[in-house]
Structure formats: C-alpha cells, structure tokens
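Kindly generate the corresponding structure for this input.
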Amino acid sequence: MPVALEFFVQYGYLILFLWVLTEQLGVPLPSVPLMLTAGALSATHRMSIWLSLLVILLACALSDSIWYFLGRRYGGKVLRLLCRLSLEASTCVRKTENYFGRHGATTLVVSKFVPGLSTVAAPIAGQTGMSYGKFLGFDMMGTLLWGGAFIFAGRFFGDAVKRSSMLLHLLGQFAVGLFFLLLIGFLAYRIFRQQQFLKKVSELRLEADALKTMMDEGAQPYIVDLRHPLDYLPDPRVLPGAVRIGPSEIAKHIDRIPRDRDVVLYCTCPSEETSARVALNLQRMGVDRVRPLRGGFDGWKQAGYPLEEYIDNRLATGSALPV
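Numbering: from 1, shown residues only. The predicted structure follows:
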C-alpha cells in the first residue's frame, strides 16, 4: 500500500472530522471528494461507513452550533463575514434567506446540498430566533442525508471497482491521487464560475460617490433596495427615494422599472452579487441603464451619505425620488 494511502487509512477518521469541520466553519475547502474517498475505501473494509457518518455528524454539530450561536448573538455581521470567506459569496445569504422565508426549519435538511447555503444556514437560523433544539434536530437530519449520500455513492463506486482486480489494484495505488484530483477539480470549477461572474459585476458597478453626484445634480435615478426583511433589522432605513423590491419579485414589477433613467440596485452583500445578478436579469428583460451600487447599503452608510425612513407607497406611485 502506498505511504500516502496508508497514512490516510490510519488517520482517516481524524482527517475526515477536521476536513468537514474546516469546510463547515466557512473555509472553501470542499469535503465531498473526501467523503467519496472514504466511502470507496469502505468497500475494501479499510474504513467503516457508519463511523465515517458519525464523524461527519460530530463535525457538523460542532461547527453549525458555533455559527448558530454567533448568528443569534451578532446577526448580519456574521453573515457578511461568511460571505467574504465563501466562494459562492453573498448569493449564499440571499438564497438561504429566501429558503427560510418559504420553508422555515426544513431548509436545514437540504441546505448542505446547495453550494453556499450550507455554512450560512446555521447563523440565519440563529438570527431568526429558532430554538436550539429544533435547529440541531433539523440540522443533523440534513447532515445525515448529505453525508450519507456521498459516503454511499463512494461505496457504490468501491463495490464496482472491487469486481475487477485490475481496477482494485489501481484504486489502491492511486486513491490519494484521485482524491486530490477531485478536490482540485471542485475548487477550479467553483473559482472559475466565481471569477466569470465577478468580471461581469466589475463592468456594471456604480460607485457611491458617483450616485451621490447624480442625486445632487437632480438626475433622479430609480433606486431599488433589494435587501431581505432580515437585513432591515439592524437598520431599517433606505437610500433617499429608494423603493423596496425583493430579487424574486423584480420580474413582477418590470413594467414599473423606468427605461429613460438610470436604475441603481443595492443590497447588503459583499461584492454586490445579489444586485449584480438582478441587474443582469433586468438587462435581459430590456432594462439597459441598470447598475449595482458598489459596497451596497453598508458602503453608502460608511461613506456618511444620507439615509431616510422608508415610505411604503413609493412602489405604488412608481416614483423613486420625490420631484
């Protein structure tokens, strides 16, 4: 047996525990290749499926509990930190908030299968005030499904390989190399997808000072606040004249979006990913003059620019700025 594989088999459960724990704490280090490898090795009885699942449950219980209590204590600050760590960036928060709005605690059952949702689901559950017992029950159910799916997928592959002595020999010789190949592939794909999107974002961004200048000069841009209701809890104010429209509702109000002036979108996301995605969708629907605000709500606020209380009838009147 190669030295690297022997080392992995000897310390496999510890490596699995630390790897899953690290990923669930927010470091973009995919654990799926490792779970597949552990499942494949169980076919040759070098690792146990059930011990592997127990290790995954313990790692997720520890990491998710930490994020749950941090989310309960610090709310949006924790979410912004996680988004900066995540390769999926801030779309993870938007997706998870929407999932929680529609499905509540059952979101935790499927969140680990969706890139970006896994880590932020726990702090959002804490932020919403969900009881810890309820959170842990649903979270462990989701972890069992997630870990079991990949462990058993690896076992299925291992069982298939075991039927061929040649493939079994190759697996024994190159299992560690295969694992790192899978890992590099996962990381490369996610980084490539992220970079492609960020390239599009950079072409659309509008600086906060440029927006302030537009407003001071009377250009009257149509400003849309895309924040989720949970994002309003720390500060319910909006940019002057902004209307509140959720990202999933923007298509319903497409007729109210003006074509004859600039449309500016903002959220609370690092890298303005939610705003950028909505901007790209609006461009596909024929709204050409649309741009995400660089730094979003927090960037505008930190620059010391004015904020105001929201007026509920702005969307109904179709006016973004008082005239």
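
From T128, how far off is G104?
To T128, G104 is 9 Å away according to C-beta to C-beta, to the nearest Å. From N, CA and C alone the C-beta is placed, and that goes for glycine too.

neighbour-wise, which of the two wins?
Neighbours were counted for G104 and for T128 using other C-beta atoms under 10 Å; T128 has more, 17 against 14.

And the strands in the stretch 151-300 of the chain?
Remark: strands assigned in the stretch 151-300 of the chain by DSSP state E, counting those that start in this stretch are 222-225, 243-244, 263-266, 290-292.

Out of those, which is closest to A188?
Nearest of these to A188, taken as C-beta to C-beta: strand 290-292 at 26.6 Å.

Show me what the closest one is packed up against.
In terms of contacts (3 or more C-beta pairs under 8 Å, 6 or more residues apart in numbering; DSSP states H and E), strand 290-292 is packed against helix 165-204, strand 263-266, helix 273-284.

about what we covered before: I'd like the strands of the stretch 151-300 of the chain as CSV, with mean pLDDT, mean neighbour count and distance to I257 appended.
What follows is the strands of the stretch 151-300 of the chain, written out as CSV (pLDDT from 0 to 100; neighbours: other C-beta atoms under 10 Å; distance: least, C-beta to C-beta, whole Å):
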stretch, mean pLDDT, mean neighbour count, distance to I257
strand 222-225, 92, 24, 7
strand 243-244, 90, 20, 10
strand 263-266, 91, 25, 6
strand 290-292, 86, 24, 8
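
Reformat those strands as CSV; add distance to G142.
Shown next, in CSV, are the strands of the stretch 151-300 of the chain (distance: least, C-beta to C-beta, whole Å):
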stretch, distance to G142
strand 222-225, 31
strand 243-244, 31
strand 263-266, 32
strand 290-292, 32
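
Tell me which of the ones you listed sits nearest to E273.
strand 290-292 (8.5 Å).

which neighbours does that closest one have in its sheet, and in what orientation?
Note on strand 290-292: by DSSP bridges, its sheet partners are strand 263-266 (parallel).

I would like the residues contacting the strand it pairs with, please.
By C-beta atoms under 8 Å, 6 or more residues apart in numbering, the residues outside strand 263-266 that reach it are 206, 211, 221-227, 239, 242, 257, 272, 275, 278-279, 282, 287, 289-293, 296-297, 300.
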